[in-house]
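A.B. asks: this one's structure only:
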C-alpha cells in the first residue's frame, strides 16, 4: 500500500485556554491538490505550521511520506516546501542570493538551471539582483513561491498564496501550481477564494473551530451539498402561488411574472416541471444555476458563527 | 517545465550556508559592523595612547598605552561578537523571517555553531584591526601569542552565547539595548580594561573577582604582556568554565526552540 504524502492523526493544539486544533485527522495522497478551507481562526494556519515545524505539536501525530515529523524532522522538512501566509523575507539579500541560501539550508547544492527556471517562470528575471526591500508586494509573493520550491519539495504547502495579490499573479500562480502538480508534487493549499479551490482541488477539507467538518472529493461535495436555484419566467402574470409550488418554498416577484425556488441536490428537476405543468402555468423560460463551494462553505460554517 | 531529480542531502551544507549568510550579512553593512567599532577603538587609543596615557602609569615596566591596548582589543572582540548574534537573531525573530530557518532541516547544533562562528569572526576581525591600529601607539611584547589567541577566541565565544541568550529573551529593541548598556558596558569598564584590579581598595578588588570580564581581560593581557593580576591558567580556566555555562544555557534555549517555535 503506498504511503500517504501527508497523514495527520488526532492532532490537537492549545494556545493557553484556546483550543486551536481539535482532534484533527486526515490524509493526503501523493499527487493530489488538496484544499484546506475554513473561516479565519478555524485552525488552518496552526495545522500548516505544525506540519512544517514552525509550531510544536500539542498532541497527535503527523507523518510525511511515512516519516514522523517530530522524530525524523530532518527528513520530513527536506521534502516539504512552505509558502507562508505572511510575507517573510530577509531584506539584506537579493532574490538570487536568497534562493541560493535557501537551497543550502535544505542541504542541497545550488542547482543553477532549476533556480533559473523558477526565476524565469515566476517573472522574477528583471528583479533577480534587487534587494528584497526594493521589491513590490507582488514580487515578494512570487519570490516566496520560488523559495518554497527551490529544494524541489515533494509536498508543497501554500497558505493563502493569493491573499492580496492581483489577478495576473493569481493566474500565473495557479497555472504554475498545476504544472508543478503534474510533475508529481503534492499540493496542500488554503485559500479564501473558494472559486479557486473549486477549480484547483481534487479534494477539499473544511475546518471550523479547529475541527474537520467536511472532507470530500470536490465534485462529491458540490453534488451532495450543492443546491440549484431555479428561476421560472411566466408568460402571463399570476396573483398567487399555486399550493404545490408554495409548499416547495417558491417565491413570486411583485409583478407576478417570475418565480424563484431552490432545490436540494436530492430533489429532481422533473418533479418541479411536473408541478409547474399541473398548475397550468404558461412558461416562457427557465434558468437554473448550481450553488458553488462558496454557498456550501457558508452553509456549513454559519451554524457556529457568532454575530459580532 | 520538468523539475530535476531530487538532489542528495549534504549534511554539513545547512551549517555552512547559515554561516555564509551571517558573515555576508555583517559584511554587507560593514560601515556599521566593522568600521564604526574600529573608529571607536581608535579614538580610545588616541586618548589613552597618545594623550592621557603619557601621564599615567599603572603597571611597572609598561607604558599606559601598552597596558590599555589588550583591554581595548578585547573590548572590540566582546562588543562585536555580542552585537552580531544579538542583532541578527533578534531581527529574525522580530521580522518573522526566523521561520525560514525553522522549516528547514537545520539542526540546533548547526544553528548555534553557525551563529557563534559568524559572531566570532566579526569579533576577531574587529580585534585584529584594533591591534593593527594600536601599533601606532604601543608596541606589545606578545609574550604568549597562542595563549592570547585562545583568550580572544574564548571571549568571542562566550559573548556570542550571551548574544544568543539576549536575542531570545529580549522582547523589544529597548530590551536588547539594555543588555549592552546595563550589562556589557559596566562589566567592561569595571573589568579592568583601563586599570589593574590590584590598584583598587580590597573590597572593590574582591567585587571585581565576581566580574567574568576580569578573567578574560586579565588572561588576555597576561598573554600579551607576560604579567597579570592572576596566573594565566586561573584566568583561562575560569573563563572556560563561564563559557561552558553560557554555551549550555544558549544550547538549551536553541534545542528547545524556546521563543522560536510557538
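C.D. replies: The structure has been received and is ready for your questions. All values reported here derive from a predicted model rather than from experimental measurement.

A.B. asks: which parts of the stretch 1-150 of chain B are helices?
C.D. replies: B:13-28, B:30, B:36-45, B:64-95, B:99-102, B:108-134, B:145-169 (DSSP state H, counting those that start in this stretch).

A.B. asks: now the helices: where do they sit in the stretch 51-200 of chain A?
C.D. replies: Counting by DSSP H, counting those that start in this stretch, the helices of the stretch 51-200 of chain A are A:73-79, A:95-105, A:112-121, A:137-149, A:167-182, A:194-200.

A.B. asks: if I've got this straight, residue A:10 is in a helix?
C.D. replies: No - going by DSSP: H, G, I helix; E, B strand; the rest coil, the assignment for residue A:10 is strand, not a helix.

A.B. asks: please report how far it lies from residue A:70.
C.D. replies: Using C-beta to C-beta, to the nearest Å, residue A:10 is found at 14 Å from residue A:70. The way it works is simple: take the backbone N, C-alpha and C, and place the C-beta from them, glycine included.

A.B. asks: then residue B:62?
C.D. replies: 58 Å.

A.B. asks: neighbour count winner among the two?
C.D. replies: Remark: of residue B:62 and residue A:70, residue B:62 carries more neighbours, 19 against 14, as counted by other C-beta atoms under 10 Å in any protein chain shown.

A.B. asks: would you mark the buried spots in stretch B:249-262?
C.D. replies: B:250-251, B:253-254, B:257, B:260 (16 or more other C-beta atoms under 10 Å in any protein chain shown).

A.B. asks: include distance to chain A and secondary structure when you put these into JSON lines, please.
C.D. replies: Compiled in JSON lines, the buried residues of stretch B:249-262 are given as follows (distance: C-beta to the nearest C-beta, whole Å; DSSP: H, G, I helix; E, B strand; the rest coil):
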{"residue": "B:250", "distance to chain A": "20", "secondary structure": "helix"}
{"residue": "B:251", "distance to chain A": "17", "secondary structure": "helix"}
{"residue": "B:253", "distance to chain A": "15", "secondary structure": "helix"}
{"residue": "B:254", "distance to chain A": "14", "secondary structure": "helix"}
{"residue": "B:257", "distance to chain A": "8", "secondary structure": "coil"}
{"residue": "B:260", "distance to chain A": "9", "secondary structure": "coil"}
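
A.B. asks: how near is the closest residue to chain B within chain A to residue B:9?
C.D. replies: Closest approach between chain A and chain B, counting by C-beta to the nearest C-beta: residue A:104, at 2.7 Å. Per C-beta to C-beta, residue A:104 is found 11 Å from residue B:9.

A.B. asks: swap in residue A:272?
C.D. replies: Distance of residue A:272 to residue B:9, computed by C-beta to C-beta: 61 Å.

A.B. asks: quick one, which of those two is more surrounded?
C.D. replies: Neighbour totals were compared for residue A:272 and residue B:9, and residue A:272 leads with 21 against 15 (other C-beta under 10 Å).

A.B. asks: the residue lying closest to residue B:175 once chain neighbours are set aside: how many residues sit nearby?
C.D. replies: The shortest distance from residue B:175 to any residue other than its chain neighbours is 7.7 Å, reached at residue B:169 (C-beta to C-beta, 6 or more residues apart in numbering or on different chains). By other C-beta under 10 Å, 14 other residues sit near residue B:169.

A.B. asks: and stretch B:34-49, which residues are buried?
C.D. replies: Those would be B:34, B:37-38, B:40-42, B:44-45, B:48-49, for stretch B:34-49 by 16+ other C-beta under 10 Å.

A.B. asks: and which of those residues is nearest chain A?
C.D. replies: residue B:34 (15.2 Å).

A.B. asks: isn't that closest one up against residue B:130?
C.D. replies: No - if you go by C-beta atoms under 8 Å, residue B:34 and residue B:130 don't touch, sitting 10.8 Å apart.

A.B. asks: can you name the residues of the stretch 101-250 of chain B sitting close to chain A?
C.D. replies: Proximity of the stretch 101-250 of chain B to chain A (C-beta under 8 Å from any C-beta of the partner chain) is limited to residues B:101-107.

A.B. asks: who wins for most neighbours among the residues you listed?
C.D. replies: Neighbour counts for those peak at residue B:104, which has 26 neighbours (criterion: other C-beta under 10 Å).

A.B. asks: so what's the closest residue to that residue other than its chain neighbours up against?
C.D. replies: Nearest residue to residue B:104, sequence neighbours excluded (C-beta to C-beta, 6+ apart): residue A:105, at 3.9 Å. By C-beta atoms under 8 Å, 6 or more residues apart in numbering or on different chains, the residues touching residue A:105 are B:14, B:17-18, B:100-101, B:104-106.

A.B. asks: need the contact list for residue B:85.
C.D. replies: B:115-116, B:118-119, B:160, B:163-164, B:167.

A.B. asks: let's go with 10 Å and repeat that
C.D. replies: B:22, B:112, B:114-120, B:122-123, B:159-167, B:250 (C-beta atoms under 10 Å, 6 or more residues apart in numbering or on different chains).

A.B. asks: and the residue lying closest to it once chain neighbours are set aside, how far from residue B:236?
C.D. replies: Nearest residue to residue B:85 in three dimensions, chain neighbours excluded: residue B:163, at 3.4 Å (C-beta to C-beta, 6+ apart). Look at residue B:163 and residue B:236: by C-beta to C-beta, they are 22 Å apart.

A.B. asks: compare neighbour counts for these two and give me the winner.
C.D. replies: residue B:163 (31 against 21).

A.B. asks: circling back: tell me the contacts of the residue nearest to residue B:175?
C.D. replies: Residue B:169 sits in contact with B:90, B:175-176, B:179, B:253, B:258-259, where contact means C-beta under 10 Å, 6+ apart.

A.B. asks: need those in TSV with pLDDT, secondary structure and distance to residue B:29, can you?
C.D. replies: TSV is the format used below for the contacts of residue B:169 (pLDDT from 0 to 100; DSSP: H, G, I helix; E, B strand; the rest coil; distance: C-beta to C-beta, whole Å):
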residue	pLDDT	secondary structure	distance to residue B:29
B:90	96	helix	15
B:175	93	helix	22
B:176	93	helix	17
B:179	94	helix	20
B:253	96	helix	26
B:258	93	coil	28
B:259	92	coil	25
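
A.B. asks: and which of these is nearest chain A?
C.D. replies: Taking those together and measuring to chain A by C-beta to the nearest C-beta, the closest member is residue B:258, at 11.0 Å.

A.B. asks: hang on, isn't the closest one packed against residue B:252?
C.D. replies: Yes - Residue B:258 lies in contact with residue B:252 (C-beta atoms under 10 Å); the separation is 7.8 Å.

A.B. asks: joint contacts of those two?
C.D. replies: residue B:165.

A.B. asks: let me know the pLDDT of residue B:7.
C.D. replies: On pLDDT, residue B:7 comes in at 62.

A.B. asks: quick check: the closest residue to residue B:205 other than its chain neighbours vs residue B:159, distance?
C.D. replies: Nearest residue to residue B:205, sequence neighbours excluded (C-beta to C-beta, 6+ apart): residue B:197, at 5.2 Å. According to C-beta to C-beta, residue B:197 stands 20 Å off from residue B:159.

A.B. asks: tell me the residue of the stretch 151-262 of chain B that sits nearest chain A?
C.D. replies: Of all residues in the stretch 151-262 of chain B, the one sitting closest to chain A is residue B:262 (4.8 Å; C-beta to the nearest C-beta).
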